[in-house]
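Undergrad: Here is a sequence with its predicted model. Questions after.
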Number of protein chains: 2
Amino acid sequence: MSKKRIYLNAFDMNCVGHQSPGLWKHPNDQSDTYNTIEYWVNLARLLEKGKFDGLFIADVIGLYDVYESSREATIREATQVPVNDPAMLISVMAYATEHIGFGLTASSTFEHPYTFARRISTLDHLTKGRIAWNIVTSYLESGTKNIEIGDKFEHTKRYDIADEYLEVCYKLWESSWEDGAVVRDAKRGVFTDPEKVHEIGHQGEFFSVPGIHLCEPSPQRTPVLYQAGASPRGTQFAAKHAELTFISTPSKEATATYVKTLRAESAKQGRDPESLKVLALATVIVGETEEEAQAKYEDLAQYVSYEGAMTLLSGWSGIDFSKFDPDQELQYIETNAIKSMLEGLTKASPNKKWTPRELANFAGIGGLGPIFIGTPETIADLFEEWIDETDIDGFNLAYAITPGTFEDIVELVIPELQKRGIFKKAYGEGTLREKLFGESPYLRNDHIGHRYKRIAEPVK
Amino acid sequence: MSKKRIYLNAFDMNCVGHQSPGLWKHPNDQSDTYNTIEYWVNLARLLEKGKFDGLFIADVIGLYDVYESSREATIREATQVPVNDPAMLISVMAYATEHIGFGLTASSTFEHPYTFARRISTLDHLTKGRIAWNIVTSYLESGTKNIEIGDKFEHTKRYDIADEYLEVCYKLWESSWEDGAVVRDAKRGVFTDPEKVHEIGHQGEFFSVPGIHLCEPSPQRTPVLYQAGASPRGTQFAAKHAELTFISTPSKEATATYVKTLRAESAKQGRDPESLKVLALATVIVGETEEEAQAKYEDLAQYVSYEGAMTLLSGWSGIDFSKFDPDQELQYIETNAIKSMLEGLTKASPNKKWTPRELANFAGIGGLGPIFIGTPETIADLFEEWIDETDIDGFNLAYAITPGTFEDIVELVIPELQKRGIFKKAYGEGTLREKLFGESPYLRNDHIGHRYKRIAEPVK
């Protein structure tokens, strides 16, 4: 049995029924109150009561318009649209809690790094060092077409641009203001020592940022960095920049392969491969008995919307599922996106015939991660089994309904994990980075961002 | 005596010593805690206790580098740098209060209208309709040079770009989602009626935004619009778009001229000129007696930093004051910016010799508005005098020290205004727009933004 410390994030988005298309119709689901402060304050407090490491807030700018080559079903089903800005939620949740971290998704496509870096520094100040940034590069043409970015952000260059975006951010966060630059010396009349504030002088292929960072150093300087790219280029990017990554597949085999590749890649970058934590997407349906859990699952399953799930899966894969018979097996679809999806599903359930309908029923409750159903003991066993067999470090827990799914986890699963000694009973001290990794509030010495601490020295 | 209802905003910025260079050294000033949630929650609650209409948060992206052609003194004196992102403050202050409005400054230069419109809609949802947007166009090359915008945003075109920026925003806010588009009909499985959500199809000179708005309609749709441009083109812009404007001069004559011009311009746009409210910048130093107030002023004045004030005034005017003798009269400086500043000062204090030092002493406490010193009765008299003689609607109150200046106002001035029946004793119902204007939560019928409500009809 594993005695690894388990990391747990809750997964949500500033929208209705995040990865549970149709479940907004469930009488206990409150996801349609996403646009109220009350929903988020209540959720943050609940998760902190359960000692969750963080709340990870996804974001998508754009909408899924692949299914039926239309946005009609997406809008009707509220498939991640309407969708509000997640950054606006952080300060109020920080005020209502003391320890939990906030993983904010933001794209390197939609905002300039100069102003984005200020936004994140502001949040790191306000949360006293509890902010994380989930770096995404934005793949939806339905979003990017609205900001006239043209071929500056063409698809193949997304990660190159993101690499330089990070470089600009590291320079602003790590090197512009030295430690001790802010002296607040009322006697001498010096608030900041100008000798210790530097222009970053960045001139790159995509960005030109000559000036200083506008913010004084925040508790973590660079936020904790999340990333979830699973393609070869995405994995390489994660191995270079991420401190926490996410994988989303029902298959333990695919998960194990990803973790192995990621750690090997990060070692190539000169990083301690164990310092990079990997969380797997999962959805937990828990009851006091196996029967109660199963009944809960069946109650939830009846609310899944076939069309809602199809808009999501079509958007993710780029394949218009409306062209396929809902009840015919998917084997024959010759595209890489579907093949890789099917491979994971087939490995997870080898005897099942995977049709669009079955796929919708599966992915319609929390997305493409495994669904764990059972008593707290069963769930804890499954957690340990996955960790042992795949080398992941924990889970990114989606909801079927919110906050109901999280309430059940906090009430039933967390105590079982704590009893087994694999989940913390209290938060650690300090910033989010210290709580997660137990070391410094800043990037580790072997992280690329650390090299920018003193840009007077050559940076490779 | 005027019986006009007085509007009061408090003026602050997410930085140290907003318009009071050097006063961060005062033992009672807490502006250096700008980077904490506690400062803002405390301030918002205090202002709501005093029934302030709003908290107006300025913002500057860039830094003042005109004085001595350097950023050194600016950084040393903390002249509006470090400066954090104001948008991150709103949700927590909304949670801590019930009525007060939040005027957020954001520039049409630094963020694309497509994502900006989402940010504002999110805030309008979270605050239940208490958000206002102070539209600025950004004039500091020290900021814009960092986002490679080049001549797309050249100075002379700033307002043309801002006009189109507003047009995109109006289309997203007013026309993309019809009233009643969100039906939340669990029985039919319809969250949003796709027939009532429209692509805006914007193709303009500066922006191309074909898609839908990503947010469902918020309580006010378009936020309450603030603007503060005082140049002829700025005034024209304000007359077209603003619902609340700001003027900053010590002279009643200059204020009266501005108000007259603005109302005449807004009438030309087909608007009711009285529907546009004008607030004048002022700083209030109040005591139980005249002597106490004067002593307070003298105590504060000794902390003003000459160099700090000069970095601010040089940045505002574009004139490097380090080239002038601090004690020589300013008459001989032949630039429009200084002339117009001097004209206001001389009209306000005809017998004073305005040297750089006197200017620093004056503007160093709250900026270029008048400083009102005295008992609550004196302050209330001055308020009424200004309103009667200039046709303004109220004041935008700067601080000398924070929250001390605002505490004094809440404790001493507000009760006097209430006693005279010229300031509300309780907030009105509804959104910020309803509280301010007592009509609908939406833009008035005679406002240009209203025309975009149904873009199927031709919009001029």
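TA: Here it is on my side, so go on.
Undergrad: what ranges do the helices span in the stretch 151-300 of chain A?
TA: Taking DSSP state H, counting those that start in this stretch, the helices of the stretch 151-300 of chain A run over residues A:158-170, A:232-241, A:252-268, A:290-301.
Undergrad: Who are the packing partners of the second one?
TA: Pointing back at helix A:232-241 there. If contacts are counted by 3 or more C-beta pairs under 8 Å, 6 or more residues apart in numbering or on different chains; DSSP states H and E, helix A:232-241 sits against helix A:158-170, strand A:224-227, helix A:252-268. Using the backbone N, CA and C atoms, a C-beta is placed for each residue, glycine as well.
Undergrad: now those in JSON lines, with distance to chain B, mean neighbour count and mean pLDDT?
TA: Below are the helices and strands packed on helix A:232-241 laid out as JSON lines (distance: least, C-beta to the nearest C-beta, whole Å; neighbours: other C-beta atoms under 10 Å in any protein chain shown; pLDDT from 0 to 100):
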{"stretch": "helix A:158-170", "distance to chain B": "9", "mean neighbour count": "22", "mean pLDDT": "94"}
{"stretch": "strand A:224-227", "distance to chain B": "17", "mean neighbour count": "26", "mean pLDDT": "97"}
{"stretch": "helix A:252-268", "distance to chain B": "31", "mean neighbour count": "18", "mean pLDDT": "96"}
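Undergrad: May I see those organised as JSON lines, with distance to B:Glu377 added?
TA: Converted to JSON lines, these look like this (distance: least, C-beta to C-beta, whole Å):
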{"stretch": "helix A:158-170", "distance to B:Glu377": "54"}
{"stretch": "strand A:224-227", "distance to B:Glu377": "55"}
{"stretch": "helix A:252-268", "distance to B:Glu377": "70"}
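Undergrad: Among those, single out whichever gets nearest to B:Asn134.
TA: Between B:Asn134 and the helices and strands packed on helix A:232-241, the shortest separation by C-beta to C-beta is 27.3 Å, and it involves helix A:158-170.
Undergrad: quick check: angle from that closest one to helix A:232-241?
TA: The directions of helix A:158-170 and helix A:232-241 differ by 10 degrees, with axes from the mean of the first three to the mean of the last three C-alpha atoms, to 10 degrees as the criterion.
Undergrad: what's next to helix A:158-170, contact-wise?
TA: Here helix A:158-170 makes contact (C-beta atoms under 8 Å, 6 or more residues apart in numbering or on different chains) with A:108-109, A:113-114, A:116-117, A:120, A:135, A:137-139, A:152-153, A:200, A:202, A:204-207, A:209, A:222, A:229, A:233-234, A:236-237, A:240-241, A:448-449, A:452.
Undergrad: Now list the buried members of those residues.
TA: Among the contacts of helix A:158-170, the ones that count as buried by 16 or more other C-beta atoms under 10 Å in any protein chain shown are A:108-109, A:113-114, A:116-117, A:120, A:135, A:137-139, A:153, A:200, A:202, A:206-207, A:209, A:222, A:229, A:234, A:236-237, A:240-241, A:448-449, A:452.
Undergrad: among those residues, which are in strands?
TA: Among the buried ones among the contacts of helix A:158-170, DSSP state E puts A:135, A:202, A:209 in strands.
Undergrad: and the residues you listed near chain B, which?
TA: A:Val209 (C-beta under 8 Å from any C-beta of the partner chain).
Undergrad: Indicate which one of the helices and strands packed on helix A:232-241 is closest to B:Asp59.
TA: In terms of C-beta to C-beta, the element of these nearest to B:Asp59 is helix A:158-170, at 20.3 Å.
Undergrad: Would you mind listing what in the stretch 201-350 of chain A touches chain B?
TA: Near chain B, when you scan the stretch 201-350 of chain A using C-beta under 8 Å from any C-beta, you find A:207-212, A:214-216, A:218, A:305.
Undergrad: could those residues go into JSON lines alongside pLDDT?
TA: JSON lines is the format used below for these (pLDDT from 0 to 100):
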{"residue": "A:Phe207", "pLDDT": "93"}
{"residue": "A:Ser208", "pLDDT": "94"}
{"residue": "A:Val209", "pLDDT": "95"}
{"residue": "A:Pro210", "pLDDT": "95"}
{"residue": "A:Gly211", "pLDDT": "95"}
{"residue": "A:Ile212", "pLDDT": "97"}
{"residue": "A:Leu214", "pLDDT": "97"}
{"residue": "A:Cys215", "pLDDT": "98"}
{"residue": "A:Glu216", "pLDDT": "98"}
{"residue": "A:Ser218", "pLDDT": "98"}
{"residue": "A:Ser305", "pLDDT": "98"}
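Undergrad: Am I right that A:Ser440 falls within a strand?
TA: No: secondary structure of A:Ser440 (DSSP: H, G, I helix; E, B strand; the rest coil): coil, not part of a strand.
Undergrad: list the contacts for it?
TA: Counting by C-beta under 8 Å, 6+ apart, A:Ser440 makes contact with A:433-434.
Undergrad: ok, residues contacting stretch A:78-85?
TA: Stretch A:78-85 has contacts (C-beta under 8 Å, 6+ apart) with A:13-18, A:21, A:24, A:34-35, A:59-61, A:63-64, A:73-75, A:308, A:311-312, A:315, B:115, B:118-119, B:121-122, B:125, B:182, B:191-192, B:214-216.
Undergrad: Could you pick out the buried ones from these?
TA: A:13-18, A:21, A:24, A:34-35, A:59-61, A:63-64, A:73-75, A:308, A:311-312, A:315, B:115, B:118-119, B:121-122, B:125, B:182, B:191-192, B:214-216.
Undergrad: Counting only strands, which of the residues you listed make the cut?
TA: A:13, B:182, B:191-192.
Undergrad: what's the closest of those residues to B:Gln30?
TA: In terms of C-beta to C-beta, no member of these lies closer to B:Gln30 than A:Met13, at 36.5 Å.
Undergrad: tell me the contacts of that closest one?
TA: Applying C-beta under 8 Å, 6+ apart to A:Met13 gives the contacts A:34, A:57-60, A:80, A:83, A:86.
Undergrad: Run through the bridge partners of it.
TA: For A:Met13, the beta-bridge partners are A:Ala58 (DSSP bridges).
Undergrad: Which pLDDT value does the model give it?
TA: On the pLDDT scale, A:Met13 is placed at 98.
Undergrad: Equivalent analysis for the one 5 residues further on, please.
TA: In this model, A:His18 is scored at 97, pLDDT.
Undergrad: now do the one 4 residues further on
TA: According to the predicted model, the pLDDT of A:Gly22 comes to 98.
Undergrad: Tell me how many other residues crowd the residue nearest to it when sequence neighbours are not counted.
TA: Excluding the flanking residues, the one nearest A:Gly22 by C-beta to C-beta, 6 or more residues apart in numbering or on different chains is A:Ser305, at 2.9 Å. Residues near A:Ser305, counting by other C-beta atoms under 10 Å in any protein chain shown, number 25.
Undergrad: ditto for A:Asn134
TA: Other residues near A:Asn134 come to 24 when the count uses other C-beta under 10 Å.
Undergrad: what's across from it in the sheet?
TA: Following DSSP bridges, A:Asn134 is listed with bridge partners A:Thr105, A:Tyr226.
Undergrad: got the contact list for it?
TA: Counted by C-beta under 8 Å, 6+ apart, A:Asn134 has contacts A:56-58, A:103-106, A:226-228.
Undergrad: got it, and A:Val41?
TA: Applying C-beta under 8 Å, 6+ apart to A:Val41 gives the contacts A:92-93, A:96, B:95.
Undergrad: Where does the prediction get shaky in chain A?
TA: The model of chain A has pLDDT under 70 over residues A:1-3, A:149-156, A:332, A:454-460.
Undergrad: As a check, name the ranges of all helices in the stretch 1-150 of chain A.
TA: When assigned using DSSP H, counting those that start in this stretch, the helices of the stretch 1-150 of chain A occupy the ranges A:37-49, A:72-77, A:90-96, A:113-126, A:141-144.
Undergrad: closest one to A:Ala293 among these?
TA: Among the helices of the stretch 1-150 of chain A, helix A:37-49 comes nearest to A:Ala293, with 20.0 Å by C-beta to C-beta.
Undergrad: Pull the distance from the closest one to the chain's centre.
TA: With C-alpha atoms, centre = their mean, to the nearest Å as the basis, helix A:37-49 stands 18 Å off its chain's centre.
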